[in-house]
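> Got a predicted structure plus its sequence, pasted below:
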Amino acid sequence: MLKMYDHFNLRPQKARGVYVYSEDGKRYLDTFAGIGVLTFGHSYPELLRAIKNKMDKYMHISNYILDEDAEYVAKRLVEFTGKDGKVFFTNSGTESAEAALKAVKKCATKKRKKIIYFKNGFHGRTLGALSINGIERLRKPFGELLPSTVELSFNDVEEFNDYMDSHGEEVLAVFFEPIQGAGGIIPMDQEFSDVIKGNHERYKFILVSDEIQAGLGRTGKIYAYQHYGLDPDIIIVAKALGGGLPLGAAIFLKEAQNILKRGDHGSTFAPNPVSAAGARYVVDHIEKLLPYVREKGEYFVEEIKKINSNRVVDIRGKGLMIGIELDKSYTDLKQKAFERGLLLNIISNYKVIRLLPALIITHEEIDEIVRVLKELIC
Ligand SMILES: Cc1ncc(COP(=O)(O)O)c(C=O)c1O
């Protein structure tokens, strides 16, 4: 395998709840749930049952036969927005971003073709999604990408207003993450969101909310844009959608549901019917988790604050999407945590600990994470 990731020195034997067990009998607490995928933790029995039942019926039937679970999940994803819409399913987050980009590009005119994205935003790594990736070190090695993309600073009200004042009529779309994930867990400021909203109403660009990491309950609302009162035209999701199996979706709302026509896009595999059965379980059970996520998120942040170390310069996020920013890069922190039975995901050049635990995490499990962090950070 090409070495794209730094693997933990761990051969998994099984995984249950928030724990991964190694072949040599050790137990590790997973603080990032398969990078924000496992809402219900590892091997959640009811979810596994739903998936296994579907596999017993069929695994793949092609897009020429309609799967009932996929149809049901699409309906629920739209219902969560309170608007009218239609869904295109994909197999991953980057494919969801590509579907949204294709729809956006289809609306381009000679005059209106600029696609805005934000510095430190992350929408995936295929060439289209990479064109609107605000993490320069990921984008730069690949040279010229899609034309007419414009990078602006996230949360910079003045810059956004100035750009809109001079180019508003040329702006075709704005892609944003309500809380930037890979960029360092950076929530959008309410004031910035209000400015996007005002300009969206005025210039009628296509507003795309990337909810791949922050969506589907992680922040305490179904979609993270719902914290801000925004009115996106397209929402993209993936990660948590399939309950651990690969599935993504681009949700086209209001007029945006009429952009892509038969033949404009497609996928052999998506929506995989087994993933759709996992997704059915997810969409049927996330709403009741929302108060729990808000309460656990607040508890987690309060406990982290008690670490009271001057190595911690910021604690931020919403719900169970939490970033701990450290005063400098700590390249050995991940290994030290691993030796104490904690699986950490540290991003932004080893400076930000990204906590994306299973949404069913308990107080005791949070205490266990904080106890180890305290030992390591103090
Ligand atoms: C906000 C956001 N968008 C897009 C992606 C790309 O998703 P995938 O890795 O499934 O292609 C990610 C993945 O981390 C993400 O966090």
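Looks like it arrived, so ask away.

> just the strands in the stretch 101-250 of the chain please.
114-118, 149-152, 171-176, 179-180, 186-187, 206-210, 234-237, 248-253 (DSSP state E, counting those that start in this stretch).

> Show me what the fifth one packs onto, helices and strands only.
It stands for strand 186-187. strand 179-180, strand 312-318 (3 or more CB pairs under 8 Å, 6 or more residues apart in numbering; DSSP states H and E). For the C-beta atoms, the positions are set from N, CA and C on the backbone; glycine is no exception.

> What confidence value was assigned to the closest residue to I369 other than its chain neighbours?
When the adjacent residues along the chain are set aside, I369 lies closest to T31, with 5.6 Å between them (CB to CB, 6 or more residues apart in numbering). Listed pLDDT for T31 reads 98.

> Provide a list of residues in contact with the nearest residue to G34 once chain neighbours are set aside.
If the residues on either side of it in the chain are set aside, G34 comes closest to G244, at 7.0 Å by CB to CB, 6+ apart. Neighbour list for G244: G34, V37, L38, H42, L47, G278 [criterion: CB atoms under 8 Å, 6 or more residues apart in numbering].

> ok, the residues you listed vs the ligand, which is closest?
For the contacts of G244, the minimum distance to the ligand (CB to the nearest ligand atom) is 8.8 Å, reached by V37.

> Backbone dihedrals for the spatially most central residue of the chain, please?
With the centre of the chain defined as its mean C-alpha position, the nearest residue by CA atoms, centre = their mean is Q213, 1.1 Å away. Geometry field for Q213 lists phi and psi as phi -100, psi -40, criterion degrees, to the nearest 10.

> The protein against the ligand: which residues are in contact?
The interface of the chain toward the ligand, taken as CB under 6 Å from any ligand atom, is made up of 92-94, 97, 122-124, 177, 181-182, 210, 212-213, 238.

> Which of those residues has the largest number of neighbours?
The member of the residues of the chain next to the ligand surrounded by the most neighbours (other CB atoms under 10 Å) is D210, with 33 neighbours in all.

> partners of that residue in the sheet?
Note on D210: beta-bridge partners by DSSP bridges are I236.

> residue boundaries of the helices in the stretch 51-200 of the chain?
With helices called from DSSP state H, counting those that start in this stretch, the stretch 51-200 of the chain shows them at 68-79, 93-106, 127-131, 136-139, 157-167, 190-203.

> Figure out how far the first one is from the centre of its chain.
What separates the centre of helix 68-79 from the centre of its chain is 19 Å, taken as CA atoms, centre = their mean, to the nearest Å.

> Identify each buried residue in it, please.
By 16 or more other CB atoms under 10 Å, the buried positions in helix 68-79 come out as D69, A70, Y72, V73, A74, R76, L77, V78.

> And the contacts of it?
54, 84-87, 89, 235, 237, 241, 249, 251, 253, 271, 273, 276-277, 279-280, 283-284.

> give the contact list for V283.
So, once contact is read as CB under 8 Å, 6+ apart, V283 ends up touching Y72, V73, R76, L77, F80.

> From E298, how far out is it?
The span separating V283 from E298 equals 25 Å under the rule CB to CB, to the nearest Å.

> And for D327, the neighbour number?
For D327, the tally of surrounding residues (other CB under 10 Å) stands at 12.

> typo on my end, D194
Applying other CB under 10 Å, we find 14 residues neighbouring D194.

> R202 now?
Residues within reach of R202, counting by other CB under 10 Å, total 11.

> G168 is in contact with that one, correct?
Yes. With contact defined as CB atoms under 8 Å, R202 reaches G168; the gap is 6.8 Å.

> ok, and for stretch 109-125, which residues are buried?
Taking 16+ other CB under 10 Å as the basis for neighbour counts, the residues of stretch 109-125 that come out buried are 112-125.

> dump the residue contacts of the one residue in the stretch 51-200 of the chain that gets nearest to the ligand.
Per CB to the nearest ligand atom, G93 is where the stretch 51-200 of the chain lies closest to the ligand, at 2.1 Å. Taking CB under 8 Å, 6+ apart as the definition of contact, the neighbours of G93 are H123, G124, I212, Q213, I236, A238, K239, G248.

> same deal with H200?
Contact partners of H200, counting by CB under 8 Å, 6+ apart, are V174, L207, L230, D231.

> Let's see if you can find the most crowded of those residues.
Neighbours here mean other CB under 10 Å. Within those, the largest count is held by V174, at 27 neighbours.

> measure it to G168 for me?
Between V174 and G168 the computed distance is 11 Å (CB to CB).
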